[in-house]
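S.K.: Build the 3D model from these lines:
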Amino acid sequence: MGKSLPELSSADRNRIIEMAWEDRTPFDAIELQFGLKEKDVITLMRREMKPSSFRMWRKRVSGRQTKHRQQRDFFAGRFRSANQKGS
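M.R.: This is a model prediction of the structure:
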């Protein structure tokens, strides 16, 4: 992938992309499971998506409170998907 991104399997890349599109999955959850910080997720999304899809995703998640844990007004009691590691 790149210097700063670890080698990821196709299944892991697909799961990260899926989590990045989910409204209620914060970037912190992606970092916890895959070790990718928000900037790394952005880099991955830019590389894996068509430019128009990337722009649509960036517009969607920019400033979205649910994607940034420190901006969320809830912390506990959220649903955890069986697809997430540690479930």
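S.K.: alpha carbons only for contacts and neighbour counts from here, please
M.R.: Noted.
S.K.: before we move on, which element is the residue nearest the centre of the chain in?
M.R.: Of all residues in the chain, the one closest to the mean position by Cα atoms, centre = their mean is residue 20, 3.1 Å from it. Using DSSP states H and E, residue 20 maps to helix 10-21.
S.K.: quick revisit: now do the contacts for the residue nearest to the centre of the chain.
M.R.: Residue 20 makes contact with 26-27, 30, 41 under the criterion Cα atoms under 8 Å, 6 or more residues apart in numbering.
S.K.: And residue 4, what's its pLDDT?
M.R.: Here the pLDDT value assigned to residue 4 is 65.
S.K.: Checking residue 83 next. Helix, strand or coil?
M.R.: Assigned with DSSP: H, G, I helix; E, B strand; the rest coil, residue 83 falls in the coil class.
S.K.: quick one: contacts of the helix or strand hosting residue 41?
M.R.: Using DSSP H and E, the element containing residue 41 is helix 38-48. Helix 38-48 is contacted by residues 4-5, 16-17, 20, 27-28, 31, 54 when judged by Cα under 8 Å, 6+ apart.
S.K.: how about CSV for these, with distance to residue 48 added?
M.R.: CSV is the format used below for the contacts of helix 38-48 (distance: Cα to Cα, whole Å):
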residue, distance to residue 48
4, 16
5, 13
16, 11
17, 9
20, 12
27, 17
28, 20
31, 18
54, 9
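S.K.: Quick one: buried ones out of those?
M.R.: 16-17, 20, 27-28, 54 (16 or more other Cα atoms under 10 Å).
S.K.: any chance you could read off phi and psi for residue 7?
M.R.: Backbone geometry at residue 7, expressed as degrees, to the nearest 10, gives phi -70, psi 130.
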